[in-house]
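**Q** here's a sequence, model it:
(one chain, ligands or ions: 1)
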Amino acid sequence: MLSIINVAVGIIAKNNKVFAARRKPGLHLAGFWEFPGGKIEQSESPEQCLERELREEFGIETQVTHYIGENIHSYNDKTVRLIAYQVEYLSGDFQLRDHDQMQWVAIPELDSLVWAEADIPLISQFKSKVSLTRFYQKQASSYAQETTSVDLEPLYARFLQHLKPNAHILDLGCGSGRDSRYFLNHGFEITALDGSSELAKIAENLIKQKVLVALYQDMLFDNEFDAIWACASLLHCPEDQILSVLSRVNKALKKDGVFYASFKWGDGESCDALGRLFNNYNSEQLQALVNGIGGFKVIECWEETKPLRDTTQKWVNILVRKTGTKK
Ligand SMILES: Nc1nc2c([nH]c(=O)n2[C@@H]2O[C@H](COP(=O)(O)OP(=O)(O)OP(=O)(O)O)[C@@H](O)[C@H]2O)c(=O)[nH]1
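**A** Below you'll find the model as predicted:
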């Protein structure tokens, strides 16, 4: 069996763009795009390796900020384990030593490059965490303050009319805990979940019960909830992961369970000025997506424009009933 080569790779993001470099002729995987990095030497950590490699190969000073994920991949001649970290650029002019091209790629455009095969799952992992790590962890309290005061009474009524009293609701992406608190105050049982540990702490304070910290991509509930409420949360789920997440939603619901989700109106992925990734739909696309999964019947799907700070924002909402289990 071939031994595994451990490689640390860095995802350097700036202004909603990510740094990519193309391996120069003569190297393994020449012509393929990759994240900068290199093999981890004995007696160094992946973080130390990465900061060293970025200095040696590009002449830049950087600081590793956090872990993104990893992928083991076998090429014909070798097996590599890529360990990816998000990296902050500090100083230095980028120089090319082991690469013949470099570029800053907009996050929604990342899939358009011809990447080294081992890197492809890392792009998905990065996209699924980018909104969390760049915004919700860092700005949890200001976000929570801004959202706790929004009045969603008409929307709650539209959802709750389909539920029995005391129904068990999963608040998927509970954020500040605003909606969980409302549902608890109205006699419903709540399980609250959020991907940001910082927001989960804030929500725990508000609702006085434990909040689960997990990504919706990882949830494994089976036949547990009468309803799932995903208000402005799945809108951060990358396009290539949404079907898998909706299948998990279907599995998590009991038969006849009700699911609500809202997205920003639009077409495909985009990033906002705060560094969050959005996956946007119009109402036809959203209904087609949900119908394509099977095991769901759309109750209603509607578009609406709401005030947001100094401007307005168009949203698309969907209410769905589980009719069967997605195979
Ligand atoms: N640096 C880097 N290597 C990658 C990526 N994806 C990927 O499959 N690899 C593979 O992982 C291995 C890392 O090798 P490297 O050549 O970058 O590492 P290094 O600078 O320490 O190499 P050297 O000791 O040969 O100079 C290569 O086989 C490379 O093809 C990636 O995104 N970044």
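
**Q** how close does the residue lying closest to Cys237 once chain neighbours are set aside sit to the ligand?
**A** Distances taken as CB to CB, 6 or more residues apart in numbering put Val245 closest to Cys237, at 5.2 Å, once the chain neighbours are dropped. Quick note: C-beta positions are derived from backbone N, CA and C, even for glycine. Taking CB to the nearest ligand atom, to the nearest Å as the measure, Val245 falls 26 Å from the ligand.

**Q** so Val245 touches Leu234, yeah?
**A** Yes: contact criterion CB atoms under 8 Å: Val245 and Leu234 qualify, at 6.5 Å.

**Q** which positions in stretch 238-246 come out as buried?
**A** Neighbour-count burial for stretch 238-246 flags 238-239, 241-242, 245-246 (criterion: 16 or more other CB atoms under 10 Å).

**Q** name the nearest of those relative to the ligand.
**A** Pro238 (18.9 Å; CB to the nearest ligand atom).

**Q** OK, contacts around that closest one?
**A** Shown in contact with Pro238 (CB atoms under 8 Å, 6 or more residues apart in numbering): 124, 127-128, 269, 277, 279.

**Q** now stretch 261-272, how far from the chain's geometric center?
**A** Distance, stretch centre to chain centre, for stretch 261-272: 13 Å (CA atoms, centre = their mean, to the nearest Å).

**Q** end-to-end on that stretch?
**A** With CA to CA, to the nearest Å as the measure, stretch 261-272 spans 20 Å from end to end.

**Q** name the residues that touch that stretch?
**A** 16, 106-108, 127, 230-235, 238-239, 277-282, 285-286, 303, 313-318, 320.

**Q** weed out the non-buried ones from those residues.
**A** Here, 16+ other CB under 10 Å leaves 16, 107-108, 127, 230-235, 238-239, 277-282, 285-286, 315-318, 320 buried among the contacts of stretch 261-272.

**Q** show only the entries of the residues you listed found in helices.
**A** The helices, defined by DSSP state H, take in 127, 285-286 from these.

**Q** follow-up on the earlier one: list residues touching both of Val245 and Leu234?
**A** Tyr216.

**Q** sorry, back to before: wait, a strand at the residue nearest to Cys237?
**A** No: using DSSP: H, G, I helix; E, B strand; the rest coil, the assignment for Val245 is helix, not a strand.

**Q** quick one: it from Gly59, how far?
**A** 40 Å (CB to CB, to the nearest Å).

**Q** can stretch 14-21 be said to contact the ligand?
**A** No: using CB under 6 Å from any ligand atom, we find that stretch 14-21 stays clear of the ligand, coming within 8.2 Å at best.

**Q** outside of that stretch, which residues touch it?
**A** 11-13, 33-36, 58, 89, 94, 96, 99, 101-107, 110, 113, 115, 126, 271, 275.

**Q** where does pLDDT dip in the stretch 1-150 of the chain?
**A** Along the stretch 1-150 of the chain, segments meeting pLDDT under 70 span 1-2, 134, 149.

**Q** let's see it at 90
**A** Along the stretch 1-150 of the chain, the parts satisfying pLDDT under 90 run over 1-3, 14-16, 27-28, 65-67, 77, 127-150.

**Q** what parts of it come near the ligand?
**A** 5, 7, 9, 28-29, 34-35, 37-39, 53, 78, 80, 82, 116, 118-119.
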